[in-house]
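>>> any chance you could fold what I've pasted below:
(one chain, ligands or ions: 2)
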Amino acid sequence: MAIPTSPKERNLNGSAAVAAVVPAAGRGERLGPGAPKALRELGGVPLLVHAVRALTRSRAVGLVVVAAPPGGVAEVAALLDGHGLAGKDVRVVPGGATRQESVRLGLAAIPADVGTVLVHDAARPLVPVEVVDAVVAAVRAGAEAVVPAVPLADTVKRVEPREPGTPEPVLDTPDRAVLRAVQTPQGFRRSALHDVHERALAEESAGGLPPVTDDAGLIERFGGRVVVVPGHEEAFKVTRPLDLVLAEAVLARRRASDGF
Ligand SMILES: Nc1ccn([C@@H]2O[C@H](COP(=O)(O)OP(=O)(O)OP(=O)(O)O)[C@@H](O)[C@H]2O)c(=O)n1
Ligand SMILES: C[C@](O)(CO)[C@H](O)COP(=O)(O)O
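Ligands and ions are numbered 1, 2, ... in the order given. Take a look at the predicted model:
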């Protein structure tokens with residue numbers, strides 16, 4: 001799949017019109033023992049490189065800030081340069097102890113005049129560029145926060161959690177028609193995302209709420225509005241070993257159809 005070389009969109013002063021934060025500092029415990037998940041390979045290439053390439057295929061994305069495992073900034077920067085991303089505006093900063101903190105640290109490295117920010121998991125290596133562009137378009141059309149999502153294939157039940165292996169009482173079965181499985185990149189008006197991360201940080205010192213699992217959750221927590229746009233089944237997150245098997249199959253199918 002060729003990466004278009006069209007010029008990136010810039011603001012009047014030449015800065016990136018859209019910037020993306022890629023939280024990549026997780027350990028990947030659910031994937032099993034090994035390197036940090038972002039550095040695990042898919043088709044011989046680290047997941048992080050696939051994820052950054054997926055973002056840079058969008059003409060709109062002019063800057064990518066990667067939140068790397070703490071202590072791994074130089075290694076990640078060298079890795080990205082070694083995979084043909086040296087010419088792109090890709091910066092690397094140390095991530096944090098949670099995904100929320102990693103995003104906040106990545107956001108802090110984005111110039112103040114960038115108006116639209118994406119947040120995309122390094123663990124979602126195969127997101128099609130059409131999803132990236134659709135999220136950007138929805139933010140540009142006025143949405144404060146936008147998440148790509150897909151309908152659920154399984155029924156979902158709310159339970160009373162118990163220790164692993166102990167049967168869990170079912171509380172209810174939400175109507176699947178009103179549920180969506182949320183993906184990334186999530187898109188935001190930069191000011192909105194910055195404000196909610198700062199508010200969450202301020203509340204943390206006062207024993208605030210637990211970290212959110214997605215950035216749109218912070219917008220909701222502080223009363224903002226989030227809208228869903230269609231995601232894509234290939235934008236799944238590599239979390240467990242079977243996900244890597246699926247990702248290899250998807251990548252092989254793409255390479256076969258693209259002739260390389
Ligand atoms: N402290 C953290 C934790 C997670 N992430 C990133 O957030 C994304 C989604 O998180 P997840 O899939 O949970 O990754 P891990 O935390 O690495 O996985 P696990 O929970 O299995 O350890 C990943 O790209 C991960 O690198 C991060 O930047 N900083
Ligand atoms: C942000 C996310 O990918 C949306 O589904 C998801 O919440 C990340 O969860 P994780 O446990 O940090 O992987």
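
>>> tell me the secondary structure for the residue in the stretch 1-150 of the chain positioned nearest to ligand 1?
The minimum distance from the stretch 1-150 of the chain to ligand 1, using CB to the nearest ligand atom, falls at residue 26 (2.1 Å). Heads up, the C-betas are built off the backbone N, CA and C, glycines and all. Taking DSSP: H, G, I helix; E, B strand; the rest coil as the rule, one finds residue 26 in the coil state.

>>> residues near it, how many?
21 (other CB atoms under 10 Å).

>>> residue 129 now?
19.

>>> that one: what's it in contact with?
54, 57-58 (CB atoms under 8 Å, 6 or more residues apart in numbering).

>>> returning to that earlier point: was I right about the residue of the stretch 1-150 of the chain closest to ligand 1 contacting residue 100?
No: in this structure residue 26 lies outside contact range of residue 100 using CB atoms under 8 Å: 11.7 Å.

>>> what values do phi and psi take at the residue of the stretch 1-150 of the chain closest to ligand 1?
Residue 26 adopts backbone torsions of phi -80, psi 160, taken as degrees, to the nearest 10.

>>> for the closest residue in space to it that isn't next to it in sequence, list the residues it contacts.
Spatial nearest neighbour of residue 26, chain neighbours left out: residue 37 (5.5 Å); criterion: CB to CB, 6 or more residues apart in numbering. Contacts for residue 37 (CB under 8 Å, 6+ apart) come out as 26-28, 31, 47, 122-123, 238.

>>> again, only using 6 Å
26, 28, 31, 123 (CB atoms under 6 Å, 6 or more residues apart in numbering).

>>> could you say which helix or strand contains residue 204?
helix 190-205 (DSSP states H and E).

>>> what is the neighbour count of the closest residue to residue 94 other than its chain neighbours?
Nearest residue to residue 94 in three dimensions, chain neighbours excluded: residue 70, at 4.7 Å (CB to CB, 6+ apart). Number of residues near residue 70 (other CB under 10 Å) recorded here: 14.
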